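Novice: below are the sequence and a predicted model for it; my questions follow.
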Amino acid sequence: MPRLTVEAEPAPLCVDSAAAALIIIDMQRDFLEPGGFGAALGNDVSLLRPAVAPCRAMLDAARRLGMLVIHTREGHRPDLSDAPPLKVERGDPRHRIGARGPMGRILIRGEPGHDIIAELYPLAGEPVIDKPGKGAFYQTDLELMLRNRGIDTLFVAGVTTEVCVNTTVREANDRGFRCIVLADCCASYFPEFHRAGLAMIKAQGGIFGSVAPSTPLVAALTELAARGATPLRAVSA
Ligand code: C5J
């Protein structure tokens, strides 16, 4: 079984790559590009850009190895029937969820802004989880998908560190999945929240999970792929 040592905090981990998946949270135009949901909330969306290149390197490495890659998108049905009124009613009515913006209706499934940024666009066959909330397990089939494939470890990337990344990690932790959050593959509109979000995960012996830099992991995955290791567990046809 191809095993990896991950130099994570609070402690190094030994991971069975066949039981690991990469999950990329909400790298959507609505959060990363001007005119979307993130900008409508008054944020400087350029603060999320530094996570894109490390995410791409990690995505390429995972794909080379054949590791399961899962993408998530936060968003709602066009009729907003899956959006809690409290969430919709927050903020300036001109820029609320469902309002029209330069990338279509804000945070609505099927609109250009809801889509994943071009640099990290999913390949055919990579599951995309559409989630109505911050956590990727809430009202989705993510848990079923992971259990069916024997996944016990998640490499977590995406935005924003303290919102959808943290919520997903906490949900995963409660369900018994080990999370390794890739620090440089995550970002926040608030640099101090990014730092605090990572610190909260790895504190107290890794109370929600672990935190690691992506570069050594990308190198390790690349080496595994070069050795011809296949991380995919056999699944019956
Ligand atoms: C936010 C997210 N920030 N993907 N969503 O509302 O973190």
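Specialist: All right, it came through fine. The shown structure was predicted, so the numbers you read here are calculated from the model rather than taken from an experiment. Residues are numbered from 1 along each chain as shown.
Novice: P12: how many residues sit nearby?
Specialist: Using other CB atoms under 10 Å, P12 has 11 other residues around it. Glycine gets a C-beta too; all of them are placed from N, C-alpha and C.
Novice: over to A21?
Specialist: 23.
Novice: just list whatever residues bridge to H71.
Specialist: H71 forms beta bridges with I24, V128, as assigned by DSSP bridges.
Novice: do I have it right that it meets I24?
Specialist: Yes: between H71 and I24 there is a contact under CB atoms under 8 Å: 5.1 Å.
Novice: and stretch 99-113, how far apart are its ends?
Specialist: 12 Å (CA to CA, to the nearest Å).
Novice: buried set for it?
Specialist: A99, G101, M103, G104, R105, I106, L107, I108, R109, E111, G113 (16 or more other CB atoms under 10 Å).
Novice: ok so, going back, what sits in contact with each of H71 and I24?
Specialist: Residues touching both H71 and I24 by CB atoms under 8 Å, 6 or more residues apart in numbering: L120.
Novice: more crowded one of these two?
Specialist: The residue with more neighbours, out of H71 and I24, is I24; 27 against 24, by other CB under 10 Å.
Novice: tell me the residues of the protein that contact the ligand?
Specialist: Proximity of the chain to the ligand, by CB under 6 Å from any ligand atom, involves residues D26, F31, E74, K134, V159, T160, V163, C164.
Novice: which of those fall in strands?
Specialist: E74, V159 (DSSP state E).
Novice: L86: which element?
Specialist: helix 85-88 (DSSP states H and E).
Novice: just how off-centre is that helix within its chain?
Specialist: 23 Å (CA atoms, centre = their mean, to the nearest Å).
Novice: contacts for that helix, please.
Specialist: Applying CB under 8 Å, 6+ apart, the contact partners of helix 85-88 are L80, R96, I97, G98.
Novice: longest helix of the chain?
Specialist: Ranked by residue count and defined by DSSP state H, the top helix of the chain is helix 191-206.
Novice: after that helix, which helix or strand is next?
Specialist: Assignment by DSSP H and E places the next element after helix 191-206 at strand 210-212.
Novice: what is the mean pLDDT for the lengthiest strand in the chain?
Specialist: Longest strand in the chain by number of residues, with DSSP E as the criterion: strand 178-187. On average, the pLDDT along strand 178-187 is 98.
Novice: run the chain-centre distance for that strand.
Specialist: 8 Å.
Novice: equivalent analysis for stretch 94-104, please.
Specialist: 23 Å.
Novice: tell me the centre residue of this structure?
Specialist: Of all residues in the chain, the one closest to the mean position by CA atoms, centre = their mean is I25, 2.1 Å from it.
Novice: and that one, how close does it get to P122?
Specialist: Distance from I25 to P122, counting by CB to CB, to the nearest Å: 13 Å.
Novice: can you tell me the closest non-neighbouring residue to G91?
Specialist: L41 (6.3 Å; CB to CB, 6 or more residues apart in numbering).
Novice: surely that neighbour meets I97?
Specialist: No: contact status for L41 versus I97: not in contact, 10.4 Å apart, counting by CB under 8 Å.
Novice: and the strands in the chain?
Specialist: 3-6, 13-16, 20-25, 68-74, 100-101, 104-105, 128-131, 153-159, 178-187, 210-212.
Novice: on that earlier part again, residues of the helix holding L86 that come out buried?
Specialist: K87, V88.
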